[in-house]
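Enquirer: Below: sequence and its predicted model.
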Amino acid sequence: DTGVSQDPRHKITKRGQNVTFRCDPISEHNRLYWYRQTLGQGPEFLTYFQNEAQLEKSRLLSDRFSAERPKGSFSTLEIQRTEQGDSAMYLCASSLISWGTAGNTIYFGEGSWLTVV
Amino acid sequence: KQEVTQIPAALSVPEGENLVLNCSFTDSAIYNLQWFRQDPGKGLTSLLLIQSSQREQTSGRLNASLDKSSGRSTLYIAASQPGDSATYLCAVPRWETSGSRLTFGEGTQLTVNP
């Protein structure tokens, strides 16, 4: 399978604990995105990387959230001191952007469900 | 700020019907528009990408159109099947960020009854 993969698919954690999600993008893709989705809503942008550089962060990404993409390959999203309001599905996506293109298809993974109890 | 609206929020149809899902956006300066499908509890599957210079794209029983000037896109599904039941989302990238972050609508939940 050469799609976007995310791990773990489900995570239940106690309030105050730290959690980390991993995303492996499609191998040749240079852009990687993180989104968050709650029930009945469309996904909301959190952050994106071009290769290893984090180029944009949403205001939704509080200082308890940190994302990395070392060496421009896989990415991790860590949430520290989780709160019940963090319960959501965290979606990773990737795309290939090159000069002269008007934007290519963005491919999403299956998501990582977080439940904070 | 780009806002994306999808109408209707939910739709239930009998198998075999042709149907249209609507998406509107407030800022017409877009690179492209993408339609996705999402099954319950799953990630998003890309269906069609329409570049800003195009007026429509087709894939099998799906046809998506784009009218930038009026800020509208439609997704036409021909001869609907129960397997088409899912939530359909449209999304546009932000122009000022070189087409990176997507703004999504809230989706249309489609149920096709056998």
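Expert: Perfect, I can see it now.
Enquirer: Okay, now the unreliable bits of chain B?
Expert: For chain B, the stretches with pLDDT under 70 are B:95-99.
Enquirer: Identify the residue of it closest to chain A, quick one.
Expert: residue B:104 (3.1 Å; CB to the nearest CB). Where you see a C-beta, it was placed from the backbone N, CA and C, and this is true even at glycine.
Enquirer: Pick out the least confidently modelled helix or strand of chain A, by mean pLDDT.
Expert: Least confident helix or strand of chain A, by mean pLDDT, DSSP states H and E, is strand A:53-57 with a mean of 90.
Enquirer: related to what we said a few turns ago, Provide a list of residues in contact with the residue of chain B closest to chain A.
Expert: A:42, A:43, A:44, B:4, B:89, B:90, B:91 (CB atoms under 8 Å, 6 or more residues apart in numbering or on different chains).
Enquirer: ok now do the second one, which residues does it touch?
Expert: Residues near residue A:43 by CB under 8 Å, 6+ apart: A:35, A:36, A:37, A:91, B:44, B:89, B:102, B:104.
Enquirer: ok, those vs residue A:8, which is closest?
Expert: Nearest to residue A:8 among the contacts of residue A:43: residue A:91, at 13.8 Å, using CB to CB.
Enquirer: Quick check: the gap between that closest one and chain B.
Expert: In this view, residue A:91 and chain B are 6 Å apart by CB to the nearest CB, to the nearest Å.
Enquirer: beta partners for that residue?
Expert: With DSSP bridges applied, residue A:91 shows beta-bridge pairing to residue A:35.
Enquirer: Looking at the contacts of residue B:104, state which has the most neighbours.
Expert: Counting neighbours by other CB atoms under 10 Å in any protein chain shown, the top entry in the contacts of residue B:104 is residue B:90, with 30 neighbours.
Enquirer: what are the phi and psi values for residue A:70?
Expert: Here is the backbone geometry of residue A:70 (degrees, to the nearest 10): phi -60, psi 140.
Enquirer: Equivalent analysis for residue A:61, please.
Expert: The phi/psi pair for residue A:61 (degrees, to the nearest 10) reads phi -90, psi 90.
Enquirer: and the spatially closest residue to it that is not a sequence neighbour, how many neighbours?
Expert: Among residues not flanking residue A:61 along the chain, residue A:46 sits closest, at 5.1 Å (CB to CB, 6 or more residues apart in numbering or on different chains). The number of residues packed near residue A:46 is 22, by other CB under 10 Å.
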